[in-house]
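**Student:** Provided below are the primary sequence and the corresponding predicted coordinates.
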Protein chains: 2
Amino acid sequence: MKRTGVTAARGFRASGVSAGIKKTGPGNEEKDLALVAADVTASVAAVFTKNLVQAAPIGVCRKHIAASGGRARAIVVNSGNANACTGAVGREAAMRTAVEAAGLLGVAVNEVLVASTGVIGQTLPVDLLLQALPEAVNGLSADGGSDAARAIMTTDTRTKQIALTVETPDGQYTVGGMAKGSGMIHPDMATTLAFVTTDAVVESGVLNDCLKQAVDVSFNRISVDGDTSTNDMVAVMANGVSGVKVQGEASTSVFLNGLTKVLTHLAKEVVRDGEGATRLVTVEVSGARDDNEALKVSRTVSTSPLVKTAVYGADANWGRIVGAVGRAGVDLDPAALTVSICGLEVLSPGYRSDYSEADAGRLMKADEVVISVDLGQGVGFARTWTCDLTHGYIDINASYRT
Amino acid sequence: MKRTGVTAARGFRASGVSAGIKKTGPGNEEKDLALVAADVTASVAAVFTKNLVQAAPIGVCRKHIAASGGRARAIVVNSGNANACTGAVGREAAMRTAVEAAGLLGVAVNEVLVASTGVIGQTLPVDLLLQALPEAVNGLSADGGSDAARAIMTTDTRTKQIALTVETPDGQYTVGGMAKGSGMIHPDMATTLAFVTTDAVVESGVLNDCLKQAVDVSFNRISVDGDTSTNDMVAVMANGVSGVKVQGEASTSVFLNGLTKVLTHLAKEVVRDGEGATRLVTVEVSGARDDNEALKVSRTVSTSPLVKTAVYGADANWGRIVGAVGRAGVDLDPAALTVSICGLEVLSPGYRSDYSEADAGRLMKADEVVISVDLGQGVGFARTWTCDLTHGYIDINASYRT
């Protein structure tokens, strides 16, 4: 038995089945329905998209978390259809999903969360989903993490999972999770779908605080294409099965650290598998007047199509980096800038460094490219992640629906 | 003799020659040095990039316009090298260009403007430029508009020129211009390079006001890729040769109208010839609470890579449009949205319209695609222009320098 991702922590089971929502042709059914269930009631916290256009399941999740006082037993996720911009019909479909799952699991309706991902604006074939729910419930297993991770994929090329064990003076617990990408990904919210489980004992208020902090430095620091989705959500469930309590400053900080590691790994995986991506790009900005300004500059570089295409071409075109820095809305002195690419300094304050384009090009042909910008003003620092902009991105998005 | 673009108005001459700044191989010399000269001293007004990283010529132009009190005789433009991020050496090169041109033309140094466009961060081969200047001066001609328009091109696939005659009770005058694109193009400034000439009599204060207003609804409404350049500038020279005076509300409004038409044409041409573009996209937003909010929404849709790739694929994926609308930072009711593509309603308030995807796809295969969004809140309206995001954009930008 292999306990991975969302089933790595004790007391969680998961499954992934095919409900026929993704249309992949007869005899070629892809998994498109995931279920994650806690054996006992868990604390839950979630952050949602800040897009004003929100998919139906987001509304159901908000309502249920409020009604249950931050407790949950299960999350139902479908891929292939976002159930967004689907009006009253969509809201009813999301609600019916929660009701049906609650009945099959024998739990309260408001302890079930729902999430959808896929094409916007098409009616969710909810009957297909409901027909497949019993199979998902019966299939729940402690080694179902990978099946669930597969079932939430859309244009992802691989599953994204991680689990880590946290050692504490009181014993150990596990934090594990899964995520899906890979277009419409941008900071300013809980980007994309990610689900984390832990068997630590965490009160829902603490869970909520930790989730917000962890998302802020992980999922809110990535961008694939600057587009934010109607369905983004990151949720974490803590079922307490390990008996190890997270309370007080020290143990909360240990838990936050573990949660941040899990979410950062998943966030970077999402970028690495961004639509058409061939390279993971880390943009580090130092020397800003404060962290906030560093973040602004880092995000502007991360989202520049010209920088992203230059990385695709392994072209150390630092002029584009400087161009992005200059329009970030942060007051700075262009003559004080230092820019390095993969550790090679290409711009020293005021003038081009003495470097070889061939060396720079060679360094940039790696799977991971690090762009470092020093503003020369102070000690503010921030790091964001993005991917290169490639022919593959165009291929995928010029024909996603058809 | 064909008087086009910047030489359509009387009393202007132009030329375009090859200085060898663009490296296109032996025996294959492209024009890369343009000169526009007024026979008599002209009023001048210009708007510049708001990027904090500004190319050396921008500084020279600001200084000269201030020192001359808004008067100019000539503009020297090179393509192939942006002379940006080139430190003191770059500033000296821009200044030497102005000094040398002034000497050859027999005019005051501060009556010469300079502009550069091309790769950032490489030393301008100013000696090549200066060697070619006499040829540019000797070649000045009243039918040199097209040569000049060709010499300012970078990744443009064609020249961008227009001229129109304005009839007034006091007689007629001409407004003509040229522009170059076609990457690093985004609103929030005088985007890209554009030069306009007119033989109307316009005092430099009035010229300045009119230019700002005209740029705001033309060049500041276009986006190719969201990146703003270090070199952007739009300048207009009025030499008064027609004797027709622009003064007072009525005649200023007529002039503003003509100038706006010229700049809007050039701006749309820039987008239509955006890097890799196959379609011009107009994004009209109505029903906003005010024009400003409409503009915010329109810009967010215009700059969405997912919308732009959907247009490339002729895919009426209005979910992406709605997703962009929802993250525009404007308070709105998603259930009140109406979306039409090329006149075909695809989303009525709250739900998908009853339309055929085949029809929508056929409509979107046109050269021009109009996306209309009604927010259903008020009478605010705005229009922006963009192009589709294509394989061609990636081709060009992954290998621009090499």
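**Tutor:** Now that the structure is in, tell me what you want to look at.

**Student:** Whether the biggest helix by length in chain A contacts chain B - can you check?
**Tutor:** With secondary structure taken from DSSP state H, chain A has its longest helix at helix A:248-272. No. Judged by C-beta under 8 Å from any C-beta of the partner chain, helix A:248-272 stays clear of chain B, getting no closer than 14.8 Å. C-beta here means a position set from N, CA and C on the backbone, and glycine is covered the same way.

**Student:** May I see the buried residues of that helix?
**Tutor:** Within helix A:248-272, the residues that count as buried by 16 or more other C-beta atoms under 10 Å in any protein chain shown are A:251, A:254-256, A:258-272.

**Student:** Beyond that helix, next helix or strand please.
**Tutor:** Scanning forward in sequence from helix A:248-272 by DSSP states H and E, the next helix or strand is strand A:280-288.

**Student:** How much space separates A:Asn81 from chain B?
**Tutor:** Here A:Asn81 is placed at a distance of 11 Å from chain B (C-beta to the nearest C-beta, to the nearest Å).

**Student:** Test my guess that that residue contacts A:Leu128.
**Tutor:** No. A:Asn81 lies out of contact with A:Leu128 (C-beta atoms under 8 Å); the separation is 9.6 Å.

**Student:** Name the helix or strand for the closest residue to A:Lys23 other than its chain neighbours, please.
**Tutor:** Here the nearest residue to A:Lys23 in space, its sequence neighbours aside, is A:Gly80; by C-beta to C-beta, 6 or more residues apart in numbering or on different chains that works out to 7.5 Å. In the assignment (DSSP H and E), A:Gly80 maps to strand A:71-81.

**Student:** Output that strand as PDB, nothing but the C-alphas.
**Tutor:** What follows is strand A:71-81, C-alpha atoms only, in PDB (Å, rounded to 0.1, in the frame of the first residue of the first chain):
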ATOM      1  CA  ARG A  71     -15.500  21.300  10.200                       C
ATOM      2  CA  ALA A  72     -15.600  18.900   7.300                       C
ATOM      3  CA  ARG A  73     -15.600  15.200   6.400                       C
ATOM      4  CA  ALA A  74     -15.200  15.100   2.600                       C
ATOM      5  CA  ILE A  75     -14.300  17.000  -0.500                       C
ATOM      6  CA  VAL A  76     -15.800  16.100  -3.900                       C
ATOM      7  CA  VAL A  77     -13.900  17.400  -6.900                       C
ATOM      8  CA  ASN A  78     -14.700  17.000 -10.600                       C
ATOM      9  CA  SER A  79     -12.500  18.000 -13.500                       C
ATOM     10  CA  GLY A  80     -13.600  18.600 -17.200                       C
ATOM     11  CA  ASN A  81     -16.200  21.200 -16.300                       C
END
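
**Student:** I'd like to know the average pLDDT value across it.
**Tutor:** Average pLDDT, strand A:71-81: 95.

**Student:** before we move on, the earlier item: count residues in the vicinity of the residue nearest to A:Lys23, would you?
**Tutor:** By other C-beta atoms under 10 Å in any protein chain shown, 27 other residues sit near A:Gly80.

**Student:** quick one: low-confidence ranges for the stretch 301-402 of chain A?
**Tutor:** Scanning the stretch 301-402 of chain A for pLDDT under 70 picks out A:400-402.

**Student:** By proximity to chain B, which residue of it wins?
**Tutor:** Closest to chain B within the stretch 301-402 of chain A is A:Gly319: 2.5 Å, counting by C-beta to the nearest C-beta.

**Student:** Correct me if wrong: that residue contacts B:Val119.
**Tutor:** Yes. Using C-beta under 8 Å, A:Gly319 is in contact with B:Val119, at 6.4 Å.

**Student:** any residues in contact with both of these two?
**Tutor:** Shared contacts of A:Gly319 and B:Val119 (C-beta atoms under 8 Å, 6 or more residues apart in numbering or on different chains): B:Ala82.

**Student:** Kindly confirm my reading that the residue of the stretch 301-402 of chain A closest to chain B forms part of a helix.
**Tutor:** Yes. Counting by DSSP: H, G, I helix; E, B strand; the rest coil, A:Gly319 is part of a helix.

**Student:** residues contacting the closest residue to it other than its chain neighbours?
**Tutor:** Distance criterion C-beta to C-beta, 6+ apart; nearest residue to A:Gly319, sequence neighbours excluded, is B:Ile120 at 2.5 Å. By C-beta under 8 Å, 6+ apart, the contact set of B:Ile120 is A:317-320, A:322-323, B:55, B:82, B:84-85, B:230.

**Student:** Just the pLDDT for B:Ile120.
**Tutor:** The model reports B:Ile120 with a pLDDT of 82.

**Student:** Check A:Val271 too.
**Tutor:** What the model reports for A:Val271 is a pLDDT of 88.

**Student:** again with A:Asp188
**Tutor:** Turning to A:Asp188, the model gives it a pLDDT of 38.

**Student:** go on, A:Asp209?
**Tutor:** A:Asp209 is assigned a predicted lDDT (pLDDT) of 96.

**Student:** repeat for the one 5 residues further on
**Tutor:** The confidence metric pLDDT takes the value 95 at A:Ala214.

**Student:** cool, and A:Phe195?
**Tutor:** Here the pLDDT value assigned to A:Phe195 is 96.

**Student:** tell me which element it is part of?
**Tutor:** For A:Phe195, the host element (DSSP H and E) is strand A:193-198.

**Student:** Taking the stretch 101-250 of chain A, what residue is nearest to chain B?
**Tutor:** For the stretch 101-250 of chain A, C-beta to the nearest C-beta, closest residue to chain B: A:Ile120, 2.5 Å.

**Student:** Now that residue: phi and psi?
**Tutor:** phi -80, psi 140 (degrees, to the nearest 10).

**Student:** quick one: contacts for the residue nearest to A:Lys23?
**Tutor:** Per C-beta under 8 Å, 6+ apart, neighbours of A:Gly80: A:21-23, A:30, A:32, A:118-119, A:154.
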